[in-house]
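Asker: Quick one: sequence and predicted model below, then my questions.
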Amino acid sequence: MKLWNRDFTLMFFSNYLVGTSFVSIQAILPLYVNDIGGNNSITGTMILSMTLIMMFSRPILGSMLDRVGRKPILYIGCIAYVINTLAYFAAVKVEILFALRLMQGITSALYTSSAATLIADVVPKDRMVEGLGYYGISGTLCFVTGPILGKSLYEKYGFNILLISASIIVIVGCLFVAFMTRTDKSVKFVSKSIENDERRGISKFIEFSVIIPSVISCFIFMGNSSINNFMTAAGLSRGIESISVFFVFNGIALIVARGVTSFLTRNLGENRTVIGGILIFFVGIVIVAFAKSTVAVVLSGLLCGFGNGTSSPILNSFIFRISPENRKGAANATYSLFNDIGNGVGGAVHGVVSQNFGYTAMFLSASAMLLVSFTIYTSILIPKLKRLKSS
């Protein structure tokens, strides 16, 4: 089966454009919140609140993806995403912006959950790490172009011009989905096993077989949320006008990492690749904590990007390899749920820490979260993978 088939390519560009629209707004959120009378703590609370909405949505959506199908949920997510982005024009007060960020939690969950599960269906099973790695590049690219676009338009033309651009981008991204040809064969394939599924309560929505890799990814997201949400504000507070270069080099390193992950796993093995990636990411965030020059910013961007880019696609592939065939939607929802927890809790913690102790302390606390993920991976997940392989 061809990896870069029609549907894979369309989803790649759709994810990139939708993500760019989202990130362009997210990157300047701390600045805009401050401009309309808020502060970093409020920004952190917004991030946490949005994430809580996503968290409650993910398990329900996971079950729906296995029963209703990927594409219907994806179509609903696209429509909701466009409406949500256009609604930001009304966000002239902190309270309105807060409400729209809560709505964003639902729209993001709809789109990302269905898109990620659909990609796992489209990618050949024997090329899962490679396919998820390449698909991840679309998400990587949006974190390169999004912050640059957001910061440039916001500083030069203001929030409304940024929203016009973000709205156009998300509309085009969602239109790509309409040209997909794949039918939801997976629903027909697993329908009988779903009907016979005797799971009740929380186990109906959470796939417990993928909890460990999900928790590891959660802590990685906690560390990474310091960069995604506060890097621009931290750079400007330190007088680093060229802070946008971090996202450029971070994106370049992420793209390179996604491209070579398959090569690394073949030659070093999956465990060494993930462990090395986490430790490289850790060093990158420590450098960010003390960065006051463009050189330090570039170096940290490269290390954070490469470390994150090599570890994430492998952890993601574990989700689809470990979980039962009729629980792919629930498994992906569980994985995404823990990523949301990491991003939300991390954003809230980083907002409070930066507000009270400064950005250096914030980035150091973020780096400690990478060490937690390293410990869980080496002490718990590796033994579990060995047991699964031998059984």
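Answerer: In hand now; what should we look at?
Asker: The stretch 51-200 of the chain: helices as residue ranges?
Answerer: All helices of the stretch 51-200 of the chain, identified by DSSP state H, counting those that start in this stretch, fall at 70-87, 94-122, 128-157, 159-177, 185-195.
Asker: Just send those helices back as JSON lines, with mean neighbour count, distance to residue 303 and mean pLDDT too.
Answerer: Just so you know, the C-beta spots here come from the backbone N, C-alpha and C atoms, and that holds for glycine as well. Converted to JSON lines, these look like this (neighbours: other CB atoms under 10 Å; distance: least, CB to CB, whole Å; pLDDT from 0 to 100):
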{"stretch": "helix 70-87", "mean neighbour count": "20", "distance to residue 303": "32", "mean pLDDT": "92"}
{"stretch": "helix 94-122", "mean neighbour count": "22", "distance to residue 303": "26", "mean pLDDT": "89"}
{"stretch": "helix 128-157", "mean neighbour count": "21", "distance to residue 303": "15", "mean pLDDT": "85"}
{"stretch": "helix 159-177", "mean neighbour count": "19", "distance to residue 303": "29", "mean pLDDT": "94"}
{"stretch": "helix 185-195", "mean neighbour count": "14", "distance to residue 303": "38", "mean pLDDT": "49"}
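Asker: Next, format these as JSON lines and append distance to residue 279.
Answerer: Below are the helices of the stretch 51-200 of the chain laid out as JSON lines (distance: least, CB to CB, whole Å):
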{"stretch": "helix 70-87", "distance to residue 279": "35"}
{"stretch": "helix 94-122", "distance to residue 279": "26"}
{"stretch": "helix 128-157", "distance to residue 279": "19"}
{"stretch": "helix 159-177", "distance to residue 279": "34"}
{"stretch": "helix 185-195", "distance to residue 279": "37"}
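Asker: Looking at those helices, which is nearest to residue 287?
Answerer: Residue 287 lies closest, by CB to CB, to one member of those: helix 128-157, at 18.2 Å.
Asker: If you rank every helix and strand of this structure by mean pLDDT, what lands last?
Answerer: Least confident helix or strand, the chain: helix 185-195 with a mean of 49, by mean pLDDT, DSSP states H and E.
Asker: May I see the buried residues of the next helix or strand after it?
Answerer: Using DSSP states H and E, the helix or strand that follows helix 185-195 in sequence is helix 211-237. Neighbour-count burial for helix 211-237 flags 212-235 (criterion: 16 or more other CB atoms under 10 Å).
Asker: Can you get me the centre-to-centre distance for helix 211-237 and its chain?
Answerer: 10 Å (CA atoms, centre = their mean, to the nearest Å).
Asker: Helix 128-157 and that one, what's the angle between them?
Answerer: For helix 211-237 against helix 128-157, the angle by axes from the mean of the first three to the mean of the last three CA atoms, to 10 degrees is 20 degrees.
Asker: Determine the set of other helices and strands touching whichever helix or strand comes after helix 211-237.
Answerer: Next along the chain after helix 211-237, taking DSSP H and E as the criterion, comes helix 244-268. When contacts are defined as 3 or more CB pairs under 8 Å, 6 or more residues apart in numbering; DSSP states H and E, helix 244-268 packs onto helix 128-157, helix 211-237, helix 270-290, helix 294-322.
Asker: make it 10 Å
Answerer: Here helix 244-268 touches helix 6-27, helix 128-157, helix 211-237, helix 270-290, helix 294-322, going by 3 or more CB pairs under 10 Å, 6 or more residues apart in numbering; DSSP states H and E.
Asker: Only the buried residues of it, if you could.
Answerer: 244-258, 260-262, 264-265.
Asker: Out of the helices of the stretch 51-200 of the chain, the one nearest residue 377 is which?
Answerer: Minimum separation from residue 377 across the helices of the stretch 51-200 of the chain (CB to CB) falls at helix 128-157, 16.1 Å.
Asker: so who does residue 243 touch?
Answerer: If a contact means CB atoms under 10 Å, 6 or more residues apart in numbering, then residue 243 has 147, 151, 231-237, 291, 294, 297, 301 as its contacts.
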